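> Below are the sequence and a predicted model; questions follow.
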Amino acid sequence: MSSASITVTLAGLPERPALRRVLAEMGAYYDELLGHKRLVAATEALTSPANRAGPFCLMARAGDEPAGLVVLVGFFPARDFTWGLLLRDIFVVEAHRGTRAARALMHAAMRFAASGGYSRVEWVTAQENLRARAFFAKLGITPEARLSYRLEDEALAEAAHGLWPVQEEET
């Protein structure tokens, strides 16, 4: 665990090598199959926001070492037909957990949203992710009562052709 102070900046071209290292560790943590090409493409996407929709990547560093990241994606409309941000991922590399890197990333994400004129930041976490839930509780943030839905892979491809997991009954 490092004791260096944590700084957070918007990731750009100079951060790509360090960002690739963080993404590789993040992929391993989540058991995702990430080859070199996929890591390069993800790094390029996260350091080349298209417009207010992003994606935006804020990188935490402890001295010269990458400590973690937060990924934000803009969405519209939010409250009163304004822009909002979806906090897509927050990840701290193992060597820097417990150093307040996650807190610094959350602070930077909220500062990014406020200074960019976004009206809200939303995120989800898995119910079984007790560590994340405890972290958000320490910040004083309580979860909202919402349901999350997802279609991916084969189910997504089938739904794109109108083939839903449960077919409509003939009447």
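Alright, I've got the coordinates.
> mind checking the longest strand of this structure?
Counting by DSSP state E, the longest strand found in the chain is strand 65-75.
> Name the residues of that strand that are buried.
66-72, 74 (16 or more other Cβ atoms under 10 Å). Quick note: C-beta positions are derived from backbone N, CA and C, even for glycine.
> Please tabulate those residues in TSV and include pLDDT and distance to residue 60 as additional columns.
Below are the buried residues of strand 65-75 laid out as TSV (pLDDT from 0 to 100; distance: Cβ to Cβ, whole Å):
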residue	pLDDT	distance to residue 60
66	96	7
67	97	4
68	97	4
69	97	7
70	98	8
71	97	12
72	97	14
74	95	21
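> pLDDT at the most centrally placed residue in the chain, what is it?
By Cα atoms, centre = their mean, the mean C-alpha position of the chain lies nearest to residue 89, the distance being 1.8 Å. Note on residue 89: pLDDT of 95.
> Mind telling me what element it is part of?
strand 84-92 (DSSP states H and E).
> same thing with residue 19?
Assigned by DSSP H and E, residue 19 falls in helix 16-29.
> and the following helix or strand past that helix, what other elements does it pack with?
Sequence order places helix 36-46 as the next helix or strand after helix 16-29, per DSSP H and E. Packing partners of helix 36-46 (3 or more Cβ pairs under 8 Å, 6 or more residues apart in numbering; DSSP states H and E): helix 16-29.
> Which other helices and strands does the helix it packs on contact?
helix 36-46, strand 56-62, strand 65-75, strand 84-92.
> Could you tell me the angle between the direction of it and that of helix 36-46?
120 degrees (axes from the mean of the first three to the mean of the last three Cα atoms, to 10 degrees).
> Give me the buried positions along helix 16-29.
Those would be 18-20, 22-27, for helix 16-29 by 16+ other Cβ under 10 Å.
> How about residues contacting that helix?
If you take Cβ atoms under 8 Å, 6 or more residues apart in numbering as the criterion, helix 16-29 is touched by 11, 33-34, 39-40, 42-44, 46-47, 57, 59, 61, 66, 68-69, 89, 91, 93-94.
> among those residues, which ones are buried?
11, 34, 39, 42-43, 46-47, 57, 59, 61, 66, 68-69, 89, 91, 93.
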